[in-house]
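Engineer: Just the structure for this:
(chains A, B, C and D)
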There are 2 protein chains.
Amino acid sequence: MAMSETQTSPDLADPTPKQRDIAEAATRLFMAQGYAAVSMDAIARAAGVSKATLYAYFASKDRLFASLIGTACTRTGTTSLEFSEGEVDLRGALTQLGDRMLRFMLEPQSLAIYRVVMAEAARFPELGRAFYDRGAGASRRRLAAWLEQQMQAGRLLARDPGLAAEQFVGLLRTHLHMRALLGIDPPPSDAEIETTVAAAVETFLRAYAPAA
Amino acid sequence: MAMSETQTSPDLADPTPKQRDIAEAATRLFMAQGYAAVSMDAIARAAGVSKATLYAYFASKDRLFASLIGTACTRTGTTSLEFSEGEVDLRGALTQLGDRMLRFMLEPQSLAIYRVVMAEAARFPELGRAFYDRGAGASRRRLAAWLEQQMQAGRLLARDPGLAAEQFVGLLRTHLHMRALLGIDPPPSDAEIETTVAAAVETFLRAYAPAA
DNA sequence: GTCTATAGAAGGATAGAC
DNA sequence: GTCTATCCTTCTATAGAC
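Structural biologist: Got it, this is the predicted structure:
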């Protein structure tokens, strides 16, 4: 539980096939069921190895979980958002950006990692930080920088770009997202997503567009 | 696990002292640690009763959890939001409303229940529904109805009031909320909250205020 | 490195005394 | 109704054979 740094962590950069099997099975199970509900037995079974092999690669359940979820945070953090440079159709750019971000947030993978990190952030504080810094926080930084460019170019009103970025994301993250997180209804349709994005862009532009 | 409805559930409307002790202890533990991480032993110990007594009141761990968290959803769902009637200082009303909603969302209790319901919604689907219907969904309905009144009175542009309500809440739920959920930093200061609310109201009004 | 087998602790749930 | 004591299962982790 102390998560000491002395033990060998497997080199996930160059995994053996078994390491890959273990990592994939364990990640899938942890994301679906959370930390406490998944046993090392279940992981070993799902990975097709024995528990002894599992423990040969990962010193403990704690470290296995922290390592895998941390890695998952990094992987999902690298969502490539493309920010148009130079002269820009602002509405089009925001729509494309919003569409990409919202679809990403609604992916089962994203929802699962969000759920599990939130649930375990108290027990694994470094996961909360990793998730934020590599995920939402990183997106915020990049979006804020891009919005600041647009502000300096006079295409948006000069406001706090960080706050503007958060507001844009907030406008995207309507109850569509919450309901998906809660597993209340089937995945939203393309039409619902497009409606939400268009409305977010519309509101954002009405608030941030310079007076014509 | 099947959560059948045949078993006696304790009457939580008129609880004995022991029922109260059990309910309080178990709710606190479940909210802090999640379903799987809390043992019936731990609950019995925290409540000052034996496990047998625990099982005299609740047929299983499943039912104990579902009953308590469902109750907690109902309790927190009844956040009294006051909606000003008649002629209204719209900015003032929205600011007051936003302040109240954001502070409520940032309360440790609210964050804890949000986390645990998200984490367990797959195993306890009725909890996801209860949480939404009695919490965010109910607020949305009431806020949407109030916004619709304002729209009909000509104080706001006529738009989809449900979407407008979600956007207002989305503007409030910035990274302040996410960081609090992830336990990343200490509770936000009054100043941070007020800034966030003021910015949300400003953006919302710029988008929804009729042309002067 | 990988397995089978198992130790030792903790889990949910119950029997039986009072 | 409440307790103590216990059953059986499952858990994490490891020893020892190959």
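Engineer: Not counting the lengthiest helix in chain A itself, show me its contacts.
Structural biologist: Identified as the longest helix of chain A according to DSSP state H is helix A:190-208. Residues from elsewhere that reach helix A:190-208 (CB atoms under 8 Å, 6 or more residues apart in numbering or on different chains): A:90-91, A:94-95, A:98-99, A:102-103, A:106, A:156-157, A:159, A:164, A:167-168, A:171-172, A:174, A:176, B:160, B:163, B:167, B:202-204, B:206-208. Where you see a C-beta, it was placed from the backbone N, CA and C, and this is true even at glycine.
Engineer: Kindly export that helix (C-alpha atoms) in CSV.
Structural biologist: Coordinates of each C-alpha in helix A:190-208 appear next as CSV, following Å, rounded to 0.1, in the frame of the first residue of the first chain:
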residue,chain,number,x,y,z
ASP,A,190,-24.2,11.5,-34.0
ALA,A,191,-27.1,13.8,-34.2
GLU,A,192,-27.2,14.5,-30.5
ILE,A,193,-23.4,15.1,-30.4
GLU,A,194,-23.6,17.5,-33.4
THR,A,195,-26.5,19.4,-31.8
THR,A,196,-24.6,19.7,-28.5
VAL,A,197,-21.4,20.9,-30.3
ALA,A,198,-23.2,23.4,-32.5
ALA,A,199,-25.0,24.8,-29.4
ALA,A,200,-21.8,25.1,-27.5
VAL,A,201,-20.0,26.8,-30.4
GLU,A,202,-23.0,29.2,-30.8
THR,A,203,-23.1,30.1,-27.2
PHE,A,204,-19.3,30.5,-27.0
LEU,A,205,-19.1,32.7,-30.0
ARG,A,206,-22.0,34.9,-28.9
ALA,A,207,-20.1,35.5,-25.7
TYR,A,208,-16.6,35.8,-27.1
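Engineer: pLDDT of that helix, averaged?
Structural biologist: The average pLDDT within helix A:190-208 is 98.
Engineer: relative to helix B:190-208, how tilted is that helix?
Structural biologist: Helix A:190-208 and helix B:190-208 meet at an angle of 100 degrees, taking axes from the mean of the first three to the mean of the last three CA atoms, to 10 degrees as the criterion.
Engineer: Could you list the buried residues of helix A:190-208?
Structural biologist: Across helix A:190-208, burial judged by 16 or more other CB atoms under 10 Å in any protein chain shown covers A:193, A:195-197, A:199-204, A:207-208.
Engineer: again, but for stretch A:123-139
Structural biologist: A:123-124, A:127-132, A:134-137, A:139.
Engineer: Tell me the helices and strands packed up against the worst-scoring helix or strand of chain A on mean pLDDT.
Structural biologist: Least confident helix or strand of chain A, by mean pLDDT, DSSP states H and E, is helix A:61-77 with a mean of 90. The contact analysis (3 or more CB pairs under 8 Å, 6 or more residues apart in numbering or on different chains; DSSP states H and E) places helix A:61-77 against helix A:17-33, helix A:108-120, helix A:125-134.
Engineer: I am finished for the moment; much appreciated.
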